[in-house]
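Asker: coordinates only, sequence not included:
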């Protein structure tokens, strides 16, 4: 049985917030622990800060949290102001370690520290006061769904220690939340590519070894090989759709109509910046281990482009890409 958690989204766009709410409304399931949403709170971009997040966590009656905030590509932190007065939105693990050093009796923030972190000495003590209040809650678990935060284990560990949580997990790749149309029936299976305008689509077929698949998941990608707003799920019938949901999305899940909420991890291309400041960045394909195939299951495994980018919640590789600090 899933443990209850407080979901807090901070600094995200309107559509992404809608997609996240739809996910927890339709499926209310976040592996691998797993957790379910007892409540979902949204902090809009104009009000977003790390201090605001700390206040919400302190006021919460819950000891498990799901935090969904944009993360830095290298895993160094979050795209989130430490304090509302900060000019550049960043909360890095270096910032948190400097604050924890101060709390342990270290020197006050120097002028250089203040310029680097974007906060004053007074604000540093305000953040530390909130840190103590949150630590006093004795948080059990924080599941970040912040892109790439698990890529830097030192960073993840510093975030966990700052919150005083027993454990914290985060993906080491991109996080996906979507809300897409569902089509069913043989005709839809045969004609779904007519709904692929604009190019750059990836189609995953289930099962992979059949010439005519029973279900497909289609995504339109941007230049970073990340999903855009376009996408859909198409199945030959409702039974196939619900069987796929139970195998790859949520063990007790089903779909009764309307758009379907999507969540998963996503393998995006890796940005490689040249040492030449005038050179354009280039992108190389990311790599990923393949899921093991279960040929006895009618919906075991998938086919599609390489690398396999889409990792739904119950796929074997989802848990492999959630990194934990304990």
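Answerer: Okay, I see it. Please read all numbers here as calculations on a predicted model, not as lab measurements.

Asker: Report the rounded mean pLDDT for stretch 183-196.
Answerer: Across stretch 183-196, the average pLDDT comes to 94.

Asker: Would you mark the buried spots in it?
Answerer: Buried positions in stretch 183-196, judged by neighbour count with 16 or more other CB atoms under 10 Å: 183, 184, 188, 189, 192, 195, 196. C-beta here means a position set from N, CA and C on the backbone, and glycine is covered the same way.

Asker: again, but for stretch 131-138
Answerer: Neighbour counts over stretch 131-138 (16+ other CB under 10 Å) mark 131, 134, 137 as buried.

Asker: Likewise for stretch 150-165?
Answerer: 150-152, 155-163, 165.

Asker: Would you report which members of the residues you listed are assigned to helices?
Answerer: Among the buried residues of stretch 150-165, DSSP state H puts 155, 156, 157, 158, 159, 160, 161, 162, 163 in helices.

Asker: Would you map the strands across the stretch 201-326 of the chain?
Answerer: With DSSP state E, counting those that start in this stretch, the ranges of strands along the stretch 201-326 of the chain come out as 201-206, 215-221, 227-235, 260-266, 270-272, 282-284, 310-311, 322-325.

Asker: and this structure, what are its domains?
Answerer: Domain assignment for the chain, taken from automatic domain parsing, gives 3-172, 176-320.

Asker: how about TSV for those, with distance to residue 326 added?
Answerer: Shown next, in TSV, are the domains of the chain (distance: least, CB to CB, whole Å):
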stretch	distance to residue 326
domain 3-172	4
domain 176-320	15
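
Asker: So which of those domains is the most surrounded?
Answerer: domain 3-172 (a mean of 18; mean count of other CB atoms under 10 Å).

Asker: ok now that one, how far from the chain's centre?
Answerer: Relative to its chain's centre, domain 3-172 lies at 13 Å (CA atoms, centre = their mean, to the nearest Å).

Asker: Of all the strands of the stretch 201-326 of the chain, which one is nearest residue 41?
Answerer: Relative to residue 41, the nearest member of the strands of the stretch 201-326 of the chain by CB to CB is strand 260-266, separated by 18.0 Å.
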